[in-house]
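Asker: Model the following, please.
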Amino acid sequence: MYRRNLPHWYPEGANVFVTWRLFGSLPLHSLPKVSDGTAFRDVDRGLDRATAGPLWLKEASVAQSVVEVIEAAEAERGLCTLHDYVVMPNHVHLLIKPIADLKEVTKWIKGASARKANQLLGRTGQPFWQDESFDHWVRHDPEFEKIRTYIRNNPVHAGLVSRPEQWPYSSAGRITPR
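Answerer: Residues are numbered from 1 along each chain as shown. Down below sits the predicted model:
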């Protein structure tokens with residue numbers, strides 16, 4: 001277990017749902033405390049519709065660079081087994097099984113993707129991601145499938161596409177064995 005503002009604990013070998021947002025994308029007013037999956041979903045859907053704050057991931061080159069780093073975490077670095085992901089205009093959702101410590105996985109993905117994105121945007125050295133991430137230990141198969149469906153449908157619920165596989169910055173269009 002490690003702690004920043006939120007406790008982060010999960011059993012070794014567990015699948016984990018992880019979400020993080022762009023720096024400055026959270027509203028200035030206080031968000032409600034998220035105590036269950038329904039509350040998280042409601043808050044997340046509200047934030048999906050954000051019209052203020054940075055939307056750097058709307059730029060195709062930036063979103064694609066984040067996808068490349070996420071996929072490299074599994075394929076090149078061996079940090080995790082990547083089940084599903086989606087890169088939205090202001091946040092990222094992952095469903096992974098960490099091979100390395102989750103802190104190491106998210107640190108590498110966020111650090112490498114921030115450097116690439118900031119270079120593309122001409123903002124080198126500036127914060128790109130919020131420091132804190134939300135993570136949730138996936139406890140059983142039905143929950144795994146519910147989270148997988150949530151991730152794949154996030155662009156649909158946000159009104160960005162009509163079918164999950166149409167969103168180019170997600171795993172929905174590729175076959176992902178469990």
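Asker: From Phe23, how far off is the residue with the largest distance to the centre of the chain?
Answerer: Distance from the C-alpha centroid of the chain, by CA atoms, centre = their mean, peaks at Gly122 (22.8 Å). Gly122 sits 16 Å away from Phe23, going by CB to CB, to the nearest Å. For every residue, glycine as well, the C-beta is placed using N, CA and C.
Asker: cool, and Asn90?
Answerer: Relative to Phe23, and taking CB to CB, Asn90 is found at 10 Å.
Asker: any shared contact partners between the two?
Answerer: Taking CB atoms under 8 Å, 6 or more residues apart in numbering as the criterion, Asn90 and Phe23 both touch Pro54.
Asker: Neighbour count for the two, which is higher?
Answerer: Asn90 (21 against 16; other CB atoms under 10 Å).
Asker: Just give the closest residue to that one, not the sequence neighbours.
Answerer: Spatial nearest neighbour of Asn90, excluding adjacent residues (CB to CB, 6 or more residues apart in numbering): Ser25 at 4.3 Å.
Asker: Would you indicate which residues of stretch 165-178 are buried?
Answerer: Trp167, Tyr169, Ser170, Ser171, Ala172 (16 or more other CB atoms under 10 Å).
Asker: go on, stretch 94-114?
Answerer: Buried, per 16+ other CB under 10 Å, within stretch 94-114: 94-98, 102, 105-106, 108-110, 112-114.
Asker: just how off-centre is it within its chain?
Answerer: Using CA atoms, centre = their mean, to the nearest Å, the mean C-alpha position of stretch 94-114 is found 10 Å from that of the whole chain.
Asker: Extract the CA atoms of stretch 57-70 and return them as CSV.
Answerer: Extracted C-alpha coordinates of stretch 57-70, given in CSV (Å, rounded to 0.1, in the frame of the first residue of the first chain):
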residue,chain,number,x,y,z
LEU,A,57,-6.1,15.0,-25.6
LYS,A,58,-8.6,16.2,-28.2
GLU,A,59,-5.5,16.8,-30.4
ALA,A,60,-5.0,13.5,-32.4
SER,A,61,-1.2,13.6,-32.2
VAL,A,62,-1.3,14.0,-28.4
ALA,A,63,-4.0,11.4,-27.8
GLN,A,64,-2.1,8.9,-30.1
SER,A,65,1.2,9.6,-28.3
VAL,A,66,-0.6,8.7,-25.0
VAL,A,67,-2.0,5.5,-26.5
GLU,A,68,1.5,4.5,-27.7
VAL,A,69,2.9,4.9,-24.2
ILE,A,70,0.1,2.9,-22.6
